[in-house]
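Participant: Here's my sequence, what's the structure:
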Amino acid sequence: MGLLHIPGKKMNPRAAPYILLVISAVQGFRYSELEQHVNSKQEEYVEALREWVAIESDSSNVLKRPDLHHMMEKAAQKLRLMGGMVELVDIGQQELPDGQTLALPKVVTAQFGSDPNKRTVCIYGHVDVQPAKMDDGWATDPYNLTDINGNLYGRGASDNKAPVLAWIHAVEAYQALHMELPVNVKFIIEGMEETGSNGLEDMIVAQRDIFFSDVDYIIISDCGWLSRRPALTYGTRGNCYFFAEIEGPKQDLHSGVYGGTVIEPMTDLIGILDTLIDPNGKILIPGIREAVAPLSDEEWKMYQDIQFDLENYKNKIGVDQLMYNSKVDLLAHMWRYPTVSIHGIQGAFSDHGTKTVIPAKVVAKFSIRQVPNMDPAVVKKQVTDYLHLVFSKRKSPNKLKVTMVIGAKPWLADTQDPVFEAGKAAIKRVFNVDPDLIREGATIPIARTFQDVTGKSIIMMPIGGFDDGLHSQNEKMSRYNYIEGTKYFIAYLHEVSLIKKTSV
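Facilitator: Numbers count the residues shown, from 1 in each chain. Now for the predicted structure:
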């Protein structure tokens with residue numbers, strides 16, 4: 001089975017017991033029956049997704065909180081009907097900006113099987129969604145799943161309702177055919193991922209020696225493929241998000257009356273923002289680039305082998321030119337080098353029309369996607385010290401305040417871990433190709449939380465397409481990815497069962 005080794009890499013000895021078991025146990029897996037069952041249930045699966053998408057579980061809108069509670073209850077009920085040991089775990093209250101509190105949606109946990117002789121996998125997912133409305137530019141009602149040419153359009157279809165359902169369907173398939181689950185399966189499903197997973201870390205810490213005590217591997221499917229080739233994800237970048245506030249006059253001023261007489265906060269702000277990054281993408285903050293390990297020859301070879309088309313990428317996002325012209329350079333700067341992005345300026349005039357105002361206070365919002373070897377606490381000091389130094393050179397009477405509001409760490413896994421070998425084998429069985437091993441440029445903080453708190457091996461197993469439009473208009477999940485993804489998860493439960501309990 002050639003899929004069990006990455007060219008140019010030495011085989012991790014932990015993978016050897018897995019390989020021997022694969023050779024001895026493949027014949028006992030009744031995959032074709034499970035595959036046929038999934039094919040026969042396609043319309044039921046689509047209808048289940050339609051019901052979930054119809055619930056406006058927008059975690060950012062407090063007015064939608066009843067819908068979010070309903071969504072959690074619906075997920076719990078689905079798992080109860082399958083015979084799982086289900087709990088709705090109270091994770092407390094959310095404090096709103098006006099000082100009021102609101103109940104956080106309960107976290108759904110479920111367990112199927114508790115055989116101590118079997119591996120135990122824990123599936124993480126979320127069922128809250130980003131805001132969506134027709135006025136945003138949707139071609140279809142975002143909360144009415146619409147099938148167009150094999151694509152299932154709807155908010156949350158890909159992020160993350162279809163992947164969660166696919167895992168549930170995988171367990172259901174074994175049950176429907178009266179096949180014993182090859183591993184114990186646990187679920188942890190939350191409802192606040194899109195707004196920062198409020199309360200979840202405390203719950204994970206509290207459950208570390210209870211719910212997670214017998215878990216061997218934690219699986220996250222909250223990401224997507226890079227191309228049309230299936231992928232396994234082994235790393236994400238972190239995120240340090242900053243507010244840079246400059247305050248001047250006690251109130252907004254008329255530019256015709258006061259322009260030219262005051263030193264304007266907006267001018268100061270634009271001036272210091274311009275010193276963060278140069279036109280070629282080079283971060284100018286001292287110490288940031290120096291903390292990053294250089295791209296190794298092994299990584300270069302891995303990136304070179306990944307299926308990725310620069311022209312398709314440009315067409316997808318609608319640009320004529322990218323920052324880098326080679327696939328390896330682009331992927332490296334997307335995944336394993338830090339970047340600075342400026343997101344907006346609060347306090348600046350942004351409505352239609354004209355307004356001749358000098359804002360008294362403006363707040364820039366920018367982020368630095370960080371990578372392994374970078375520490376958020378160090379990045380905070382580097383950015384704060386640098387901006388104050390740059391600002392001091394302007395000799396402005398205005399006041400600067402720099403605040404880091406998010407300090408999420410990056411996550412990186414060992415691709416030689418047996419859990420990845422099992423993933424490659426499952427992809428080979430279902431899609432008949434070897435997967436790309438990719439990293440994710442975005443931040444999925446829960447992966448690092450699971451890693452740090454539980455000490456378990458983490459793997460990301462996406463089934464979403466590269467063109468699903470997550471967080472955007474016309475989000476979709478292709479019927480193909482949804483159905484074949486369910487088969488892939490079925491196969492994975494078998495493959496991971498082949499890892500000996502004594503091998504780690």
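Participant: Would you state the strands of the stretch 351-500 of the chain in chain order?
Facilitator: Listed from the start of the chain, the stretch 351-500 of the chain has strands (DSSP state E, counting those that start in this stretch) covering 357-358, 361-369, 399-408, 411-412, 436-440, 457-460, 476-478.
Participant: Give me whichever of these is most buried.
Facilitator: Looking across the strands of the stretch 351-500 of the chain with neighbours counted as mean count of other Cβ atoms under 10 Å, the highest average goes to strand 476-478: a mean of 26. From N, CA and C alone the C-beta is placed, and that goes for glycine too.
Participant: which residues touch that one?
Facilitator: Judged by Cβ atoms under 8 Å, 6 or more residues apart in numbering, the contacts made with strand 476-478 from elsewhere in the structure are 49, 150-154, 157-158, 162, 464-465, 468-469.
Participant: Could you tell me whether Met72 really is in a helix?
Facilitator: Yes: when the secondary structure is assigned by DSSP: H, G, I helix; E, B strand; the rest coil, Met72 falls within a helix.
Participant: In contact with it: list those residues for me.
Facilitator: Remark: with contacts taken as Cβ under 8 Å, 6+ apart, Met72 is in contact with Leu88, Pro105, Lys106, Val107, Val108, Val127, Ile189, Gly191.
Participant: give me every residue that touches the residue nearest the centre of the chain.
Facilitator: Among the residues of the chain, the one closest to the centroid is Ile444, at 4.1 Å (Cα atoms, centre = their mean). For Ile444, the contacting residues are Ile220, Asp222, Cys223, Thr236, Trp411, Met460, by Cβ under 8 Å, 6+ apart.
Participant: Quick check, pLDDT for the second one.
Facilitator: Note on Asp222: pLDDT of 95.
Participant: Is there a neighbour count for the residue nearest to it when sequence neighbours are not counted? I'd like the number.
Facilitator: Spatially, and ignoring its direct neighbours in sequence, Asp222 is nearest to Asn160 (4.8 Å; Cβ to Cβ, 6 or more residues apart in numbering). Around Asn160 sit 26 other residues, with neighbours defined as other Cβ atoms under 10 Å.
Participant: what secondary structure does the residue lying farthest from the centre of the chain sit in?
Facilitator: What lies farthest from the middle of the chain is Val257; by Cα atoms, centre = their mean that is 49.1 Å. Classification of Val257 using three-state DSSP returns helix.
Participant: Give me the phi and psi angles of the residue lying closest to Gly256 once chain neighbours are set aside.
Facilitator: Residue nearest to Gly256 in three dimensions, not counting chain neighbours: Thr356, with 6.1 Å by Cβ to Cβ, 6+ apart. For Thr356, the backbone dihedrals (degrees, to the nearest 10) come out as phi -90, psi 80.
Participant: mind checking pLDDT for Thr356?
Facilitator: Confidence per residue is given as pLDDT, and for Thr356 that number is 95.
Participant: Equivalent analysis for Ala25, please.
Facilitator: The confidence metric pLDDT takes the value 48 at Ala25.
Participant: where's Leu389 relative to Leu273, distance?
Facilitator: Separation of Leu389 from Leu273 (Cβ to Cβ, to the nearest Å) stands at 14 Å.
Participant: Who has more neighbours out of these two?
Facilitator: Looking at Leu389 and Leu273 with other Cβ under 10 Å, you find the greater number of neighbours at Leu273, namely 17 against 12.
Participant: Could you break this protein into its assigned domains?
Facilitator: The chain breaks down into these structural domains: 2-236+410-497, 239-292+337-408 (assignment by automatic domain parsing).
Participant: Lys301: which of the ones you listed is closest?
Facilitator: Nearest to Lys301 among those is domain 2-236+410-497 (5.6 Å), distances taken as Cβ to Cβ.
Participant: re earlier: please report how far the residue nearest to Asp222 lies from Ser221.
Facilitator: Remark: distance between Asn160 and Ser221 (Cβ to Cβ) = 7 Å.
Participant: Identify the contacts common to those two.
Facilitator: When contacts are counted by Cβ under 8 Å, 6+ apart, Asn160 and Ser221 have Gly125 as shared neighbours.
Participant: coming back round to it: read off the pLDDT value for the residue farthest from the centre of the chain.
Facilitator: Residue-level confidence at Val257 comes out at 95, pLDDT.
Participant: go on, Leu226?
Facilitator: With respect to pLDDT, Leu226 has a value of 93.
Participant: For the nearest residue to it once chain neighbours are set aside, name its beta-bridge partners.
Facilitator: The spatial neighbour of Leu226 that comes closest, neighbours along the chain excluded (Cβ to Cβ, 6+ apart), is Ile438 at 5.1 Å. Using DSSP bridges, the bridge partners assigned to Ile438 are Thr233.
Participant: check contacts around Ile438.
Facilitator: In this structure, Ile438 makes contact with Trp225, Leu226, Ala231, Leu232, Thr233, Tyr234, Ile306, Trp335, judged by Cβ under 8 Å, 6+ apart.
Participant: quick one: pLDDT of the nearest residue to Glu172 once chain neighbours are set aside?
Facilitator: Excluding its sequence neighbours, the residue lying closest to Glu172 (Cβ to Cβ, 6+ apart) is Met82, at 6.1 Å. Reading off the confidence values, Met82 has pLDDT 98.
Participant: again, but for Ile272
Facilitator: On the pLDDT scale, Ile272 is placed at 98.
Participant: SS state for it?
Facilitator: With three-state DSSP as the criterion, Ile272 reads helix.
Participant: Tell me which residues touch the residue lying closest to it once chain neighbours are set aside, please.
Facilitator: Beyond its immediate neighbours in the sequence, the residue positioned closest to Ile272 (Cβ to Cβ, 6+ apart) is Val390, lying 5.1 Å away. Neighbour list for Val390: Gly271, Ile272, Thr275 [criterion: Cβ under 8 Å, 6+ apart].
Participant: same check, this time on Gly271
Facilitator: Val390, Arg394.
Participant: cool, and Tyr482?
Facilitator: With contacts taken as Cβ under 8 Å, 6+ apart, Tyr482 has the following neighbours: Tyr45, Val46, Leu49, Leu152, Ala162, Leu165, Ala166, Ile463.
Participant: returning to what we had before: quick one: the residue nearest to Glu172 from Ser497, how far?
Facilitator: Applying Cβ to Cβ, one obtains 19 Å for the distance of Met82 from Ser497.
Participant: Settle it for me: which of these two has more neighbours?
Facilitator: Ser497 (18 against 15).
Participant: In contact with that one, which residues are there?
Facilitator: Per Cβ under 8 Å, 6+ apart, neighbours of Ser497: Lys118, Arg119, Pro182, Val183.
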